[in-house]
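Asker: Build me a model:
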Amino acid sequence: MPAPRTPFLTSARGRLLSFNLLVVAVTLLVCGVAVWGFNHASRLQEQVQGQTLSDMSGSMELARDTANVATAVVRLTQVVGALEYQSEAQRLQQTQQALQNSLNHLAHAPLASREPELVKRITERSNELESSVTRMLELGHRRHLERNALLSALYQNQSYLHHIQYINARDGRVTPEARLLTEMDRLILIAIQTPSPKATVVQLTEVMTQLPAHDDSPLVDGILQDFTAHLQQLVPLSQLLENSDLGISWYMYHIKALVAFLNQDINQYVQKVAQESLSRTDQSHKELQSMIAFIGLFALLALVITGFAGWYIYRNLGSNLTAISHAMTRLARGERDVSVPALQRRDELGELARAFNVFARNTASLEHTSKLLKEKSTQLETTFHAMRDGFALFDNDGILVVWNPQYPLLLGLAPEHLQRGQHYMSLLKQVTPLQEHILENLSRPLPKPQELRLADNRTIELRFSPVPGRGMVNVVLERSERKALEEALVHSQKMKAVGQLTGGLAHDFNNLLAVIIGSLELTSSDSPDAIRIQRALKAAERGAQLTQRLLAFSRKQSLHPHAVSMKTLLENLDPLIRHSLPAALTLEIEAQHPAWPAWIDVNQLENAIINLVMNARDAMEGQSGTIKIRTWNQRVVRSSGRKQDMVAVEVIDSGHGMSAEVKAQVFEPFFTTKQTGSGSGLGLSMVYGFVRQSGGRVQIESAPGQGTLVRLQLPRAPAQAVSETLPEPLAVNSDEDQLVLVLEDEHDVRQTLCEQLHQLGYLTLETSDSQQAIQLLKDVPDIQILISDLMLPGPMSGADVVQHAQQHYPHLTCLLISGQDLRSSGQQLPQVELLRKPFNQQKLAQALRRARHQ
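Answerer: Down below sits the predicted model:
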């Protein structure tokens, strides 16, 4: 049966509605009190502003009118004309009347009743100012009359003077007093133009005393007497004018002083107004604070009432609602023993609690199972998507069921190309064409691990694992980086082994060639077999060049790096290279300018560039085109991550190009694509070894039918280095009778070297043992030169013997010889002259000459 209906006022909705009505009523009451308080504060502020502005306006008008009076007085004293004087006098009277009006306004201001003494003093001084202005106006009027009288007398005297001058000019008389009359005319004119002409009148009187008492002409004599009589009246008139000027000046300064005193009083009045304004503002602020406090107290009371009502609602409704909410939260967290309160209430909360209790019982039974399923699903999904390798599941028939995002990416397929229901063989055929042995392996029920080379040159590995009762799992692994490292390691080991082999062979051949070349040179040129001997000598020298190329590949040749300007080097090589090219081929050189100098052996670099150009020429045989040589500055990043400045040199041709297989073998010694007998196969290997030994890199870009680009990256020369210039060859100068100690373990080489030294005029001692050589140096003080091979049997090398000799016999000249690069070993070599085998007699003599000059 339905539950009995709860009365509205006792229900939860009725209580909440009552609380809301109470809050609205209290809010309206607080707003009404606040509006009343703000209106009262606004009226108080308007009253304060009205009183303050009235006082301030009166004081400012009084100060303005006082300043206008002072200005009008000064202007009045500067006026000369009658009309101007009358206008300025009227303006002064108007200014004085405005001052009286401002004073009356000030007397009725609100502050005047509180400052009677200050207002009285301002009034008295204003009255005194008015009296002084009136007296000054009267005195100015009198001065104006006196000046008019003086001007009238001056004009009368001027007419007498002009009359006398006219009579004299008419009668043609030349009198001694003509000059005096002219001077008096000038002084009268000055007196007319001067506001205070007393000094000029005195001068005029002094000049008058110099005139004769009588004149020969009766007419002139009569006029002269009248002129003298009128002239004597000027002195008292000018004195009266001066007295009036003094009086006016006194009143002007007196008025200025009164204005200054008035300004002080007005400033004091303004300060009083400001203080009164501050006082009124403080009072208004206090009243406003009181009003705010009242409003705040009333609002606090309303807040207390509202809070009490809210507390009641919370106690009656909120606490039970919160308890039900907490119970729901605990149930959502998975707690099973949840007790729901308010089951016995007869309102909406009771109905909610009872309904929730039923829901809790129905939900608790599913919680444990859902939790376990979610954990397993999350773990599997996270692992599936986080795998770096590709993962796919195929059923027993090889049909694709599910895969992770990495699977199509590693296979090189777009994600939309994978669909459920594909067979794994058809899927792999989309990746790359399958060879027969690969197809046979993948066709098995459980294929073995298989590597595939994709179209984008990536290498992947496919692994298959069975899933009992579900099919198999295919895992795709990225193997490109590992494959590249394996190939690079194999190539590096192969090149290292070949380099060691060629270096050892070249060292042994150099010793043999040293004996052959030395012995052939020692043969007399008068021998009947001289032609055959020269032919054998040239063949031995070509063999020496061949071993030099082998040493270049094995990076064991002797290099002498210098700072080399690439632009200058290419300009020097340009004629030689162009001469070596057929008419169908052109040479183009592009050199960056300015460019960095390269730190390189200039002779070896020239040989390398010529070698590369000749290879380009052979690659373009039967074609027409351009061989381009480019050089520019380049900043590269080494494998260690370090940045290095390098100078790049490129030789570019448009020949038939190279396949990937040829490009992989191109640096191997004796490898050539030319016909038998057309090349030795040591050109590029020599370039590769020389550049690598110099600290640079060699790169080749080529494809069949697209030509070849060979790039040499050479180290940049240090900043302090200068461009290398090749030294002039030293002349062969033998020093006779010098004793040379020869230390060489090869008997034939040692004997040949001694015979060469004998022909150069040296005496020799020879030994093959380092300890015996040290003993000979000790026992034979006449030894002046030590020549030692670098590689010796026993505990001491040639470098050790030379270091011992330098320490104990500083005067001794030392020379080191070897069949390989003398600086290639890890040991620290002494700073002596170095000579590489095989060498002829001239090179030996030059080396000894350089050794003596070190």
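
Asker: going forward, measure contacts between C-alpha atoms and count neighbours the same way
Answerer: Fine.

Asker: OK, contacts around the residue lying closest to Arg453 once chain neighbours are set aside?
Answerer: Nearest non-adjacent residue to Arg453, counting by C-alpha to C-alpha, 6 or more residues apart in numbering: Thr459, 4.7 Å away. Contact analysis of Thr459 by C-alpha atoms under 8 Å, 6 or more residues apart in numbering lists 451-453, 478-480, 483.

Asker: So Thr459 versus Val476, what's the distance?
Answerer: Distance of Thr459 to Val476, given as C-alpha to C-alpha, to the nearest Å: 10 Å.

Asker: residues contacting Asn148?
Answerer: Contacts of Asn148 by C-alpha under 8 Å, 6+ apart: none found.

Asker: Let me know the helix or strand that it is in.
Answerer: helix 116-171 (DSSP states H and E).

Asker: do the same with Leu189
Answerer: Using DSSP H and E, Leu189 falls within helix 178-193.

Asker: cool, and Met472?
Answerer: Secondary structure from DSSP H and E places Met472 in strand 471-478.

Asker: hey, where'd the helices end up in the stretch 601-750 of the chain?
Answerer: Remark: helices assigned in the stretch 601-750 of the chain by DSSP state H, counting those that start in this stretch are 602-619, 660-665, 683-693, 747-759.

Asker: I'd like these laid out as JSON lines, including distance to Ser770 and mean pLDDT.
Answerer: Shown next, in JSON lines, are the helices of the stretch 601-750 of the chain (distance: least, C-alpha to C-alpha, whole Å; pLDDT from 0 to 100):
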{"stretch": "helix 602-619", "distance to Ser770": "34", "mean pLDDT": "85"}
{"stretch": "helix 660-665", "distance to Ser770": "43", "mean pLDDT": "76"}
{"stretch": "helix 683-693", "distance to Ser770": "30", "mean pLDDT": "77"}
{"stretch": "helix 747-759", "distance to Ser770": "14", "mean pLDDT": "86"}
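
Asker: which of those is buried the deepest?
Answerer: helix 683-693 (a mean of 24; mean count of other C-alpha atoms under 10 Å).

Asker: Next, Leu786: secondary structure please.
Answerer: strand (DSSP: H, G, I helix; E, B strand; the rest coil).

Asker: show me what contacts it?
Answerer: For Leu786, the contact set (C-alpha under 8 Å, 6+ apart) comprises 740-743, 802, 812-815.

Asker: ok, back up a step: which one of the helices of the stretch 601-750 of the chain lies nearest to Leu829?
Answerer: Leu829 sits nearest to helix 683-693 of all the helices of the stretch 601-750 of the chain, at 17.7 Å, using C-alpha to C-alpha.

Asker: correct me, but His230 touches Gln158?
Answerer: No - the pair His230 / Gln158 is not scored as a contact, 10.3 Å apart, by C-alpha atoms under 8 Å.

Asker: Stretch 303-311: which residues count as buried?
Answerer: Across stretch 303-311, burial judged by 16 or more other C-alpha atoms under 10 Å covers 303, 306, 309-310.

Asker: and the longest helix that the chain contains, what other elements does it pack with?
Answerer: Criterion DSSP state H: the longest helix present in the chain is helix 234-313. In terms of contacts (3 or more C-alpha pairs under 8 Å, 6 or more residues apart in numbering; DSSP states H and E), helix 234-313 is packed against helix 12-77, helix 116-171, helix 198-208.

Asker: Which neighbouring elements make contact with the helix or strand that that helix is followed by?
Answerer: Sequence order places helix 319-332 as the next helix or strand after helix 234-313, per DSSP H and E. The contact analysis (3+ C-alpha pairs under 8 Å, 6+ apart) places helix 319-332 against helix 348-386.

Asker: quick one: low-confidence parts of the stretch 51-200 of the chain?
Answerer: 51-65, 67-89, 92, 99, 102-114, 173-174, 176 (pLDDT under 70).
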